[in-house]
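[1] Predicted model and sequence below, questions to follow.
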Amino acid sequence: MEKETKPKTGMARLWELALRRKFLVFLSCFLAIASNVLSFTPFIAVYFIVGEIVTHFGGALNRTALLNFGVLAAGGAAAAVLAYLAALMCSHIAAFTTIYRLKLEFTDHIASLPLGFHTRNSTGKLRKIVDVNIEKLETFIAHQLPDLAGSTVMPLITIVILFMFDWRLGLASLAPILLGYLLQMAAYGGRAARVFIEKYQSSLEEMNNAAVEYVRGISVVKAFNQTIFSFRRFHEVIMNYGKFVRNYTFSFETPWVVFMTVINHVYLFLVPVILLISGKAGDYPAFALASVFYLLFSVSIPTPFTKLMYVSSIGKQVADGIERMDRILNMAPLAETASPKTAAAYSVAFDNVSFSYNTVSSGETEQEIPALSGVSFSAEQGKVTALTGPSGSGKSTIAHLIPRFYDVRSGAVTIGGVDIRDMSTGYLMGVVSFVFQDLFLFKQSVMDNILVGRKNASREDAVAAARAAQCHDFIEKLPRGYDTVIGAKNIHLSGGERQRIVIARAILKNAPVIVLDEATAFADPENEQKIQKAFEKLMKDKTVIIIAHRLSTVRGADKILVIDGGKVVEQGRHDDLVSAGGRYSRMWEQYTGAMRWKLGAR
């Protein structure tokens, strides 16, 4: 049996993504290494210049040799800069190509996931993955990879140079670097650093989600003359993030100060060693030359080591962000049957359906929350089937299972006797049209929003659908009529108007199965009357399933299902259910009593 390959994580995963453009990445790394090697040329030239001065001290200097060494230093520095620029050019081309394709892969993948995934995951979380986590990969490939290649080679070259002229002075120069790294490993290494990165990314996601929610609710905040402090969740998330980052940062204050002091003052270790061994120097001019060189070189010694540490820490942050992207990429897309079927009729039936929602606890373990248990009913073609019941009873879950937002745990949902899992997703989406209480209109023209229902429809068809949805008159009053962009400056639509545009979209689609989930929940009486007229056109000769709390909406249905605790507890026509004296009868009494209530009545 073939062993299953374990997905790569951490830096291995970053390298896997980066090496999608191998030639450019390797070329970039090679040029970065060449740049770092060339950057040592001035120091070598300085050594020989100092040697020339010491050798001919008090006498005539070899000007030609000094000039040549000067040209070597300048040429080496210029070549190092040019090589680094070429390395960045190659790495940026590789980075932009990689993140472009990765973003396309990610958006294509989330489009293939069950629609229920999008109801459970906030737009803020997904937006952060696309705009922040994936975008950070560009920084890693374009900047960190060349720096990582150069920073890996540069310390090795530094060590070689340190031991090339005088191993004793080289060891004295290297000692503070090793001491500094030991301090860093003690302070930043281990599980604590990994836990911090995870918490840091999670807190950013929470802030992003809360910010999106706050912006969406800003009208309510402003209407009641409140401030950000009244939006408690957003305020708490910001304060908790700030407190967490401050505490974590201050916990490293002393180790960081000690580290930077040690590695940036190599000469403090070097000078005592020079004084200690100078008396035993056999060749004093050569020792003096080496001492001057090491003192000059000590200024640049910390650079490759600090750069390597910086690149490593940034890599950990990018790796955690990519891991969050991979969690979604590893989610299985909606299963497609190899032999899709079509329906000859369009009655909808639930056959002993049970369903549970998966939630992830704080311990990253999945838990199931039961939503439906043994639900069975049929909604006949050409008739209206209504679902009602208390909040949280499972009505909307039933609505979400029909267009296959989720797959059932057991039982089956059928349309025309065909299990919806045996239909292709494209066909099922063409068969079912849904209007939910959560309205969404794109920031495009009114015409484009209606044409979402059927892209190949003509403008005349869209206008006819708008007329049927009772929205043609108010659309014509907009500044540019059907070409007015929704959400543009000074363009505001009421909830009822937005609802009717969504209904026009559904009418244009002309699907044989209609699911209406609390479609009139937020409509005022005038708009509700117009929406009901629009529904008459939409529901003609269709299989219609209505979900509503307002019993006046479901009273005229051909069949009413009372849902409670994830089960069908009653079903029948309105008059029969009222006469039965059961749950629906009590709900009707409460509803009619509420309708008779008047302000100030005793």
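    Thanks, I have the structure now. Computed from a prediction, not measured in an experiment: that's the story for all the values here. Numbering: from 1, shown residues only.
[2] T425 contacts L334, doesn't it?
    Yes. Under the criterion of CB atoms under 8 Å, T425 makes contact with L334 at 6.0 Å. For every residue, glycine as well, the C-beta is placed using N, CA and C.
[3] which residues do the two both contact?
    R404 (CB atoms under 8 Å, 6 or more residues apart in numbering).
[4] What residues does the closest residue to L126 other than its chain neighbours make contact with?
    Spatially, and ignoring its direct neighbours in sequence, L126 is nearest to I110 (6.8 Å; CB to CB, 6 or more residues apart in numbering). Applying CB under 8 Å, 6+ apart, one finds that I110 lies in contact with F117, H118, L126, I328.
[5] Tell me the secondary structure at I110.
    At I110 the chain is in helix, as set by DSSP: H, G, I helix; E, B strand; the rest coil.
[6] all helices for the stretch 301-450 of the chain, in order.
    For the stretch 301-450 of the chain, the helices defined by DSSP state H, counting those that start in this stretch occupy 302-329, 395-401, 425-431, 446-451.
[7] who's in contact with K395?
    L387, T388, G389, D517, I547, I563.
[8] quick one: low-confidence parts of the stretch 1-150 of the chain?
    Within the stretch 1-150 of the chain, the ranges that satisfy pLDDT under 70 run 1-7, 9-11, 56-59, 119, 122.
[9] moving C-terminal of the helix or strand hosting F69, what's the next helix or strand?
    Using DSSP states H and E, F69 sits in helix 63-112. Going down the chain from helix 63-112, the next helix or strand is helix 116-120, by DSSP H and E.
[10] Mind picking out the helix or strand in this protein with the poorest mean pLDDT?
    Using mean pLDDT, DSSP states H and E, the weakest-scoring helix or strand in the chain turns out to be helix 218-223, at a mean of 61.
[11] Tell me the helices and strands packed up against the following helix or strand past that one.
    Sequence-wise, the next helix or strand downstream of helix 218-223 (DSSP H and E) is helix 232-251. In terms of contacts (3 or more CB pairs under 8 Å, 6 or more residues apart in numbering; DSSP states H and E), helix 232-251 is packed against helix 191-216.
[12] tell me the mean pLDDT over the helix it packs on?
    The pLDDT scores in helix 191-216 average 70.
[13] Which parts of this structure are strands?
    In the chain, strands defined by DSSP state E lie at 348-360, 366-379, 384-388, 410-415, 418-419, 432-436, 513-517, 543-547, 559-564, 567-572, listed in chain order.
[14] among the ones you listed, which is nearest P272?
    Set against P272 and scored by CB to CB, those come closest in strand 348-360, at 57.7 Å.
[15] what lines up beside the closest one in the sheet?
    strand 366-379 (antiparallel), strand 410-415 (antiparallel) (DSSP bridges).
[16] one step back: in TSV: the strands of the chain, plus mean neighbour count, mean pLDDT and distance to I33.
    Output for the strands of the chain, formatted as TSV (neighbours: other CB atoms under 10 Å; pLDDT from 0 to 100; distance: least, CB to CB, whole Å):
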stretch	mean neighbour count	mean pLDDT	distance to I33
strand 348-360	17	84	43
strand 366-379	16	84	46
strand 384-388	25	91	67
strand 410-415	18	94	60
strand 418-419	16	94	60
strand 432-436	22	83	57
strand 513-517	24	87	60
strand 543-547	26	90	64
strand 559-564	22	92	67
strand 567-572	17	92	68
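[17] so P479 touches H492, yeah?
    No. Counting by CB under 8 Å, P479 does not reach H492; the two are 11.8 Å apart.
[18] and stretch 103-120, how far from the chain's centre?
    Remark: stretch 103-120 is offset 11 Å from the chain centroid, using CA atoms, centre = their mean, to the nearest Å.
[19] Buried residues of it, list them for me.
    In terms of neighbour count (16 or more other CB atoms under 10 Å), stretch 103-120 has its buried residues at K103, F106, I110, P114, L115, G116, F117.
[20] closest to N449 among the residues you listed?
    For the buried residues of stretch 103-120, the nearest to N449 is L115 (19.0 Å; CB to CB).
[21] Spell out which residues sit in contact with the residue lying closest to F43 once chain neighbours are set aside, please.
    In this structure, F43 finds its nearest non-sequential neighbour in F297, 5.7 Å apart by CB to CB, 6+ apart. With contact set as CB under 8 Å, 6+ apart, F297 has these partners: F43, I161, L162, S173.
[22] For those residues, which single residue is the most surrounded?
    Counting neighbours by other CB atoms under 10 Å, S173 leads the contacts of F297 with 25 neighbours.
[23] Mind pulling up the pLDDT for it?
    With respect to pLDDT, S173 has a value of 80.
[24] Pretty sure it sits against L162.
    Yes. Assessed by CB under 8 Å, S173 is found in contact with L162 at 5.3 Å.
[25] Show me whatever sits in contact with both of those two.
    Y294, F297, I301.
[26] Kindly reformat these as CSV containing pLDDT and distance to V463.
    CSV is the format used below for the shared contacts of S173 and L162 (pLDDT from 0 to 100; distance: CB to CB, whole Å):
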residue, pLDDT, distance to V463
Y294, 78, 84
F297, 75, 79
I301, 71, 75
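[27] Now render these as a markdown table, adding distance to V413.
    Output for the shared contacts of S173 and L162, formatted as a markdown table (distance: CB to CB, whole Å):
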| residue | distance to V413 |
| --- | --- |
| Y294 | 78 |
| F297 | 75 |
| I301 | 69 |
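[28] Nearest to F140, out of the strands of the chain?
    strand 348-360 (27.2 Å).
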